[in-house]
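**Student:** with the input below, show me the fold.
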Amino acid sequence: MLNSNTLFNSEPIPEVLVGKILRPWGIKGCIKVLSLSDNEKRFSPGNNIYIEQKKYTITSVKRSKENFLITLDSIKNVNQADSLRDKLIKVHIEDISPLEPGNYYHFQLLGLHVFTEEYKYLGDVIDIINTGANDIYIISLDNSKEILLPAIRDVVIKVDLNKKHIIVKIPRGL
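**Tutor:** Residues are numbered from 1 along each chain as shown. Next up, the predicted model:
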């Protein structure tokens, strides 16, 4: 099936997962959304989101504990809202605000190859734990084991998104 992403390009526009629709909220088409984004403004009115490659514009948003209650431009009743239950919410990568130099979104780091300062391959970043103070990178090793590396300046020497790798200094005792 052709859509606007593939009509003139051979590659679809890259998308980033930012949320999951939990269920309808009320009878007027509002949806309850679990945010998977670390950007509080991701679900602001006027922002575009994509659900199964269909574009929607957020018309209003309210915070509800750890979730968001969102209304979308073309969802007007509970039946339409229920049809979106358990669907994933994505945004086009070009719609994401750039971060300050030296800061990265988790999706940019996942899958990167990790090397020591001596360029010895360790493994790949398979997950990231946010501890509040700093992130912890979970690196899968070749021997089916994992190591946890703190994402601090003393450990992470260089991140190169173009080359898809991270250079690290392994702390003593690890």
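
**Student:** identify the residues contacting the helix or strand bottoming out on mean pLDDT in the chain?
**Tutor:** Sorting the helices and strands of the chain by mean pLDDT, DSSP states H and E puts helix 106-109 at the bottom, at a mean of 88. Contacts to helix 106-109, defined as C-beta atoms under 8 Å, 6 or more residues apart in numbering, come from residues 16-17, 38, 125, 128, 135, 137, 159, 161, 166. Just so you know, the C-beta spots here come from the backbone N, C-alpha and C atoms, and that holds for glycine as well.

**Student:** which stretches of the protein have low pLDDT?
**Tutor:** Along the chain, segments meeting pLDDT under 70 span 1-12, 174.

**Student:** what residues go with each domain of it?
**Tutor:** Following automatic domain parsing, one finds the domains of the chain at 15-95, 106-168.

**Student:** can you tell me which of those is most buried?
**Tutor:** Sort the domains of the chain by mean neighbour count, taking mean count of other C-beta atoms under 10 Å, and domain 15-95 sits at the top with a mean of 16.

**Student:** list the neighbouring strands of the following helix or strand past the least confident helix or strand of the chain plus their orientation.
**Tutor:** Later in the chain than helix 106-109, the nearest helix or strand by DSSP states H and E is strand 113-116. Under the criterion DSSP bridges, strand 113-116 sits next to strand 121-130 (antiparallel), strand 165-168 (parallel) in its sheet.

**Student:** looking at the ones you listed, which is nearest to Gly102?
**Tutor:** Closest to Gly102 of these, according to C-beta to C-beta: strand 165-168, at 12.6 Å.

**Student:** now do the strands in this structure.
**Tutor:** Under the criterion DSSP state E, the chain contains strands at 15-25, 30-35, 48-51, 54-64, 67-72, 88-92, 113-116, 121-130, 135-141, 146-150, 156-160, 165-168.

**Student:** contacts for the first one?
**Tutor:** Contact partners of strand 15-25, identified using C-beta under 8 Å, 6+ apart, comprise 30-37, 39, 42-43, 49-51, 64, 67-69, 78, 81-82, 84-93, 96, 105, 107.

**Student:** what's the angle from it to strand 88-92?
**Tutor:** 140 degrees (axes from the mean of the first three to the mean of the last three C-alpha atoms, to 10 degrees).

**Student:** numbering from 32 from now on, please.
**Tutor:** New numbering, starting at 32: the last item is strand 46-56.
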